[in-house]
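Enquirer: Structure of the sequence below:
(one chain, ligands or ions: 2)
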Amino acid sequence: MVNILHSLTFDVQQKQVVAVVGPSGSGKSTLLGLLAGLDKPTSGSIFLNGHEITSWSEYQLAHFRRRHIGYIFQAFHLIPTFTALENVALPLELSGEPMAVERAQQLLKSVGLQDRHGHYPAQLSGGEQQRIAVARAFACRPPILLADEPTGNLDSATGQLVIDLLLKLHRDHGSTLVLVTHDPNLAKRTDRIITLHDGAIASDKLIGF
Ligand SMILES: Nc1ncnc2c1ncn2[C@@H]1O[C@H](COP(=O)(O)OP(=O)(O)OP(=O)(O)O)[C@@H](O)[C@H]1O
Ligand SMILES: [Mg+2]
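Expert: Ligands and ions are numbered 1, 2, ... in the order given. Alright, predicted model coming up:
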């Protein structure tokens with residue numbers, strides 16, 4: 001058995017923007033997967049909005065995730081057979097939102113892609129696909145947003161655009177944002193930088209202090 005994360009204790013304030021940095025293999029994606037309840041720890045506790053989630057069933061976790069967590073992946077993970085609009089509308093439809101399509105249209109507008117609603121992911125650039133993924137992650141107004149190297153597959157100018165958007169939506173929605181990044185310029189724009197090394201916290205610094 002590989003021990004990936006160990007002796008890890010931290011809490012994140014509501015609305016805080018936290019960057020998780022560290023070398024490849026240090027456990028950043030594993031940590032984010034645990035926070036989203038996509039993975040289960042072999043020991044320890046994880047509290048989200050006051051709920052201890054490690055003992056929950058898959059069904060409970062899926063239900064909680066749908067209402068509370070938005071997730072953005074490095075490789076976008078859009079559904080290839082769905083248009084941009086359908087990708088953004090899907091989580092809204094799953095959560096029973098009556099005006100799903102109208103809201104998805106608004107969200108596409110908020111990421112500057114209202115003209116692309118009928119396009120499939122393969123017809124969009126990487127930056128455009130990630131902006132769709134950002135719109136999808138914010139669709140259900142989740143209080144918690146997790147992003148695993150959201151700019152990792154983008155050139156620096158496009159990455160900057162996606163980050164501006166992410167931080168703007170964070171401000172508008174007041175969501176807590178935890179993002180994994182290799183980009184020191186991006187990490188500096190957050191409130192706090194947690195550095196992982198070999199599965200443990202090597203440093204935890206508030207920006208500006
Ligand atoms: N499902 C798994 N089973 C066994 N080991 C795993 C699994 N997933 C990840 N690991 C191991 O856990 C360690 C941490 O992986 P993780 O993906 O969290 O790193 P990371 O910090 O996100 O790296 P990168 O910057 O390359 O994305 C690595 O040594 C990896 O090989
Ligand atoms: Mg990773």
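
Enquirer: and the closest residue to A75 other than its chain neighbours, helix, strand or coil?
Expert: Nearest in space to A75, with sequence neighbours left out and distances taken as CB to CB, 6 or more residues apart in numbering, is N153 at 6.3 Å. Every C-beta, even on glycine, is put in place using the N, C-alpha and C of the backbone. Secondary structure, DSSP: H, G, I helix; E, B strand; the rest coil: N153 is coil.

Enquirer: Against K15, how distant is N153?
Expert: From N153 across to K15, the span is 27 Å (CB to CB, to the nearest Å).

Enquirer: With T176 instead?
Expert: In terms of CB to CB, T176 sits 6 Å off from K15.

Enquirer: Quick one: residues contacting T81.
Expert: Y120 (CB atoms under 8 Å, 6 or more residues apart in numbering).

Enquirer: Helix, strand, or coil at it?
Expert: The three-state label given to T81 by three-state DSSP is coil.

Enquirer: picking up where we left off before, wait, the residue nearest to A75 touches G126, no?
Expert: Yes - assessed by CB atoms under 8 Å, N153 is found in contact with G126 at 5.6 Å.

Enquirer: where do the contact lists of these two overlap?
Expert: With CB under 8 Å, 6+ apart, N153 and G126 have common neighbours F76.

Enquirer: picking up where we left off before, which one's more surrounded, T176 and K15?
Expert: T176 (21 against 14; other CB atoms under 10 Å).

Enquirer: In space, what's closest to the more buried one - neighbours in sequence excluded?
Expert: Nearest non-adjacent residue to T176, counting by CB to CB, 6+ apart: I144, 5.1 Å away.

Enquirer: partner residues bridging the one you found?
Expert: I69, T176 (DSSP bridges).

Enquirer: All the strands of this protein, in order from the start?
Expert: 17-21, 47-48, 51-52, 69-72, 144-148, 176-180, 192-197, 200-206 (DSSP state E).

Enquirer: so how far is the third one off the chain centroid?
Expert: Here strand 51-52 shows a centroid-to-chain-centroid distance of 20 Å under the convention CA atoms, centre = their mean, to the nearest Å.

Enquirer: cool, the last one as well?
Expert: The chain centroid and the centroid of strand 200-206 are separated by 20 Å, computed with CA atoms, centre = their mean.

Enquirer: What of the second one?
Expert: The gap between the average C-alpha position of strand 47-48 and the chain average comes to 16 Å, counting by CA atoms, centre = their mean.

Enquirer: contact partners of it?
Expert: Contact partners of strand 47-48, identified using CB under 8 Å, 6+ apart, comprise 11, 35, 37, 53, 64, 68-69, 144.

Enquirer: Would you mark the buried spots in stretch 198-209?
Expert: Across stretch 198-209, burial judged by 16 or more other CB atoms under 10 Å covers 199, 201.

Enquirer: quick one, longest helix in the protein?
Expert: Ordering each helix of the chain by length in residues (DSSP state H) puts helix 156-173 first.
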